[in-house]
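Novice: predicted model and sequence below, questions to follow.
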Amino acid sequence: MNPKIINATERHSEADKEKSLIRNRKSEIVVALAGNPNAGKTTLFNALTGLRQKVANYPGVTVERKEGVWKLNDGAAARLIDLPGLYSLDATSFDEQIARDVLTGKLAGVPQPDAIIAVVDATNLERNLYLVTQLLEYKIPVVVALTMVDAAEKQSLEINTKKLSELLGVPVVEVTAAQKKGIDELAEAVQAAEEFQVSNFRSQADPTNSEAEDLKTDASEIFARYNFISDVYQESVKHIQTEERGFSEKIDRVLTHKFFGLVILAAILLLVFQTIFSWANLPMDLLESGFGALGDFARVSLPEGLLSDLIVDGVIAGVGGVLVFLPQILLLFLFISILEDTGYMARAAFLLDKLMSKFGLHGKAFLPLMSSFACAIPGIMATRTIENPKDRLATIMIAPFMSCSARLPVYALMIATFFAGQTVFGFVSLGAVLILAMYALGIVTAIIVAWILKRTLLKSATPPFVMELPPYRLPNVRNVLQSMFNNGWEFLKRAGTVILAISIILWALTAFPRSADGDASQAISQNQIAPGAQEPLNQITTGDESCGCSLPDEAHIAEAEQKAAEAKQGAALRNSYAGRLGHFIEPVIAPLGFDWKIGVALIASFAAREVLVSTLSIIYNAGKDGNEESENLIQAVSDAKRDDGTPAWTPLTAVTLMVFFVLAIQCMSTVAVVRRETNSWRWTIFMVVYMTALAYAAAFLTFQGGKLLGFG
Amino acid sequence: MDFQNILVAIIISAALLYIGQIVWRKAKAFSPKSSCGAGCGCAGKTKQKM
């Protein structure tokens, strides 16, 4: 064994014993969960805490902090802190710095752990033990939770956990979190770990020493660790010789092939989008009918007036307009989670990493970019794992191009309105192809921008990167459902807070100013009413004198009254604050084929992208005739007219809007996070300007090019 | 001003306050915090300007 191994008992100082006694007196112990990425840490955390978990940020920083309550065997509770996924504690990345600060108790607001559970992937024992050797030096009891033992057995590896425990000097518990196997044993080991000796490995550097914090781990230190790990591995793991190739390896030959891999990736994504659209139809229709019925009920139940208008046209139309897309959001995260859990997402990462590295992007950029498909904010925060500031900045600058889940309602509305039921080659949904095209547009633009940045403003050499491909596994139902539930809940929370508030404000902007008697239409002077709409009324009031025909019948009168009412409503909307704002920006957006109503929605969507949907719902609701039966948003968008009576939307306008949304920054929160993460106004402003300019130029080319080609 | 109008005014004011508070929080996020964890990289003093 390595000469650096010393007897653990020698290191137990009086202070440590005292600390241990204090811990024993505490009613709740604090346990930190540490491990390599893909070691099964999240699955174990979910299994230990269930729904008793909360997600926040570490104080002062934006690294995600997950905490939960773990009910131990004797009824006591442990506070479980999930540390970021780590390969080491060398503190070269922000995640590693955070983990070190937590373990040394130096992070304000986070207590120093009483015990550490080191999650170790049995299929990658040597690499995982590197982190364990570092954890052992923190003078905190460590318990190793050995995961994926079954997968290791399939790889012909036989691990002697008893021997492993002896050699490491800490308890080792085999855990199958998905089936809750070994959880009780783990709890027992953690509770007993208070008395357990700290480790059998000790390097010369003391991590808790303040001087050591800035100390770079030198080569001899690394060699010492690997020598120790190598000894432990050889004595505790037995390889059973076999000719059979691993199942994962065989599949990987096809799935990570440089050509077929990309074709399969595109096919899988296409299938996912097509399934999302077809499966979501029924629940979306039900939700839509539900909100329609709710609106009608509120209209009938509430006394006529401002409050009724606010509830029906503002709250129900606005929030309901966005909420109907909940089934699609749930399905999107269901599939993302399944792809992650099976191990396919890592293959997709590997494929695209090969492509991206050719354009100068760091290999570590891929995971932040993948996270950005859910939301750019965690994606940008995840760039902290990239050590080189220029590589990190290049990744931050392109992360918002990945189509996040907030864009999905916008794409879905456009597709449902203009491309529903249309197919390519007779069986592939045109909607699914369009969504795939939007995702691809974001990825390709990101690669091109990164290529330009890495050759100009952010010139630097790209270091090599080794990516780990986890073995294929059956997805864990609990994990998949939990991810779907969490993301769905986030969407509902946004709908119930930000989108609700913005809907109310937008309704007010479309409903005011009003005249003293409260009738919006009275605020409009007669000459503001469209001349065409005034005509029928004039004809009725002047009778047969002007046209020489007989007196109009009741149907004509009703039709004329309806037209006049519509015109008044339209004029009231034009005269509203929202209308004035929309008209103010209309000259800028007119070359993109957008009228002022779309302009209002574009401005509002800077708060959150999905607000575009609720804004259109409110605007078209306010603009329609009050006598009309409540229509759904898809119908309203399809029927919407410009001031000159021509259709406000065409399929080309819809595609143009989608292109604009792929490339525009359009998210206040993302801008705030970029400012915070780059600590630079210059780069934040650069990002907002270049993305907006790019979105405008691409939308302009799409619309004007489409018109030239006859699609307008 | 009848009861309905007062209620509507309250709801709109509450929505404005809520959004205002969010914008204020986001605006604050534009500037680095002074009370960060040691060496976490987020404080103006410790973070390397990119």
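Specialist: Perfect, I can see it now. Numbers count the residues shown, from 1 in each chain, chains lettered A, B, ... in the order given.

Novice: contacts for the helix or strand where A:Asn479 lies?
Specialist: Assigned by DSSP states H and E, A:Asn479 belongs to helix A:477-494. Under the criterion CB atoms under 8 Å, 6 or more residues apart in numbering or on different chains, residues A:42-43, A:46-47, A:178, A:323, A:326, A:329-330, A:333-334, A:336-338, A:340-341, A:374, A:405, A:608, A:610 lie in contact with helix A:477-494. For the C-beta atoms, the positions are set from N, CA and C on the backbone; glycine is no exception.

Novice: at 6 Å what do you get?
Specialist: A:Thr43, A:Asn46, A:Ile329, A:Leu330, A:Phe333, A:Leu334, A:Ser337, A:Ile338, A:Asp341 (CB atoms under 6 Å, 6 or more residues apart in numbering or on different chains).

Novice: can you tell me the element the last one falls in?
Specialist: When secondary structure is defined using DSSP H and E, the element that contains A:Asp341 is helix A:326-342.

Novice: what angle sits between the next helix or strand along the chain from that helix and helix A:326-342?
Specialist: Next in sequence after helix A:326-342, counting helices and strands by DSSP H and E, comes helix A:344-358. Angle, helix A:344-358 to helix A:326-342, by axes from the mean of the first three to the mean of the last three CA atoms, to 10 degrees: 80 degrees.

Novice: now helix A:344-358: mean pLDDT?
Specialist: Regarding helix A:344-358, the rounded mean pLDDT is 80.

Novice: got the CA coordinates for it in PDB?
Specialist: Taking Å, rounded to 0.1, in the frame of the first residue of the first chain, the C-alpha atoms of helix A:344-358 are listed here in PDB:
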ATOM      1  CA  TYR A 344     -29.000   8.700 -24.700                       C
ATOM      2  CA  MET A 345     -28.700  12.400 -23.900                       C
ATOM      3  CA  ALA A 346     -25.000  11.800 -23.200                       C
ATOM      4  CA  ARG A 347     -24.600  10.300 -26.700                       C
ATOM      5  CA  ALA A 348     -26.400  13.300 -28.200                       C
ATOM      6  CA  ALA A 349     -24.000  15.400 -26.300                       C
ATOM      7  CA  PHE A 350     -21.000  13.400 -27.600                       C
ATOM      8  CA  LEU A 351     -22.300  13.700 -31.200                       C
ATOM      9  CA  LEU A 352     -22.800  17.400 -31.000                       C
ATOM     10  CA  ASP A 353     -19.600  18.000 -29.100                       C
ATOM     11  CA  LYS A 354     -17.600  16.500 -31.900                       C
ATOM     12  CA  LEU A 355     -19.400  19.000 -34.200                       C
ATOM     13  CA  MET A 356     -19.000  21.900 -31.800                       C
ATOM     14  CA  SER A 357     -15.300  21.300 -31.000                       C
ATOM     15  CA  LYS A 358     -14.600  21.700 -34.700                       C
END
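
Novice: still on that earlier bit, can I have the buried ones of the contacts of helix A:477-494 as a ChimeraX selection?
Specialist: Applying 16 or more other CB atoms under 10 Å in any protein chain shown to these, the buried members can be selected in ChimeraX as follows:
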select /A:43,46,329,330,333,334,337,338,341
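
Novice: which of the contacts of helix A:477-494 sits closest to chain B?
Specialist: Lowest distance from chain B to these (CB to the nearest CB) belongs to A:Ile329, with 21.2 Å.

Novice: centre of the chain to the longest helix along chain A, how far?
Specialist: The single longest helix within chain A, with elements called by DSSP state H, is helix A:260-301. From the chain centre to the centre of helix A:260-301 is a distance of 18 Å (CA atoms, centre = their mean, to the nearest Å).

Novice: tabulate the contacts of helix A:477-494 (TSV), appending pLDDT and distance to A:Ala298.
Specialist: Conversion of the contacts of helix A:477-494 to TSV gives the following (pLDDT from 0 to 100; distance: CB to CB, whole Å):
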residue	pLDDT	distance to A:Ala298
A:Thr43	84	44
A:Asn46	85	40
A:Ile329	83	25
A:Leu330	89	26
A:Phe333	83	31
A:Leu334	89	32
A:Ser337	85	36
A:Ile338	90	39
A:Asp341	85	42
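
Novice: and the contacts of helix A:477-494, which two are furthest apart?
Specialist: A:Thr43 and A:Ile329 (23.0 Å; CB to CB).

Novice: what residue ranges in chain A are flagged as low confidence?
Specialist: Along chain A, the parts satisfying pLDDT under 70 run over A:1-27, A:51-64, A:91-93, A:194-220, A:240-246, A:462-468, A:515-552, A:566, A:622-631, A:712.

Novice: domain parsing for it?
Specialist: According to automatic domain parsing, chain A comprises the domains A:8-239, A:516-566.

Novice: let me see the ranges of the helices in chain B.
Specialist: Under DSSP H, chain B gives helices at B:3-29.

Novice: where in it is pLDDT low?
Specialist: Ranges of chain B meeting pLDDT under 70: B:1, B:29-50.

Novice: which residue is nearest the centroid of chain A?
Specialist: Per CA atoms, centre = their mean, the C-alpha nearest to the average position across chain A is that of A:Ala374, at 2.3 Å.

Novice: any idea which helix or strand carries the closest residue to chain B within the stretch 101-250 of chain A?
Specialist: Nearest residue of the stretch 101-250 of chain A to chain B: A:Leu107, at 4.4 Å (CB to the nearest CB). Here A:Leu107, judged by DSSP H and E, is contained in no helix and no strand.

Novice: tally up the residues packed near A:Val300, please.
Specialist: 8 (other CB atoms under 10 Å in any protein chain shown).

Novice: give me the distance between it and chain B.
Specialist: Per CB to the nearest CB, to the nearest Å, A:Val300 is found 16 Å from chain B.

Novice: likewise for A:Ala495?
Specialist: Going from A:Ala495 to chain B by CB to the nearest CB gives 14 Å.

Novice: that residue contacts A:Leu323, correct?
Specialist: Yes - with contact defined as CB atoms under 6 Å, A:Ala495 counts as touching A:Leu323 (5.3 Å).

Novice: touching, the residue of the stretch 101-250 of chain A closest to chain B and A:Gln97? I think so.
Specialist: No - the pair A:Leu107 / A:Gln97 is not scored as a contact, 9.6 Å apart, by CB under 6 Å.

Novice: chain A against chain B: which residues are in contact?
Specialist: Neighbours of chain B within chain A, by CB under 6 Å from any CB of the partner chain: A:59-61, A:94, A:97, A:101, A:106-107, A:305-307, A:310, A:389, A:393, A:501, A:504-505, A:508, A:668, A:672, A:675-676, A:678-680.

Novice: which among these count as buried?
Specialist: The neighbour count (16+ other CB under 10 Å) marks A:59-61, A:94, A:97, A:101, A:106-107, A:306-307, A:310, A:393, A:501, A:504-505, A:508, A:668, A:672, A:675-676, A:678-679 as buried among those.
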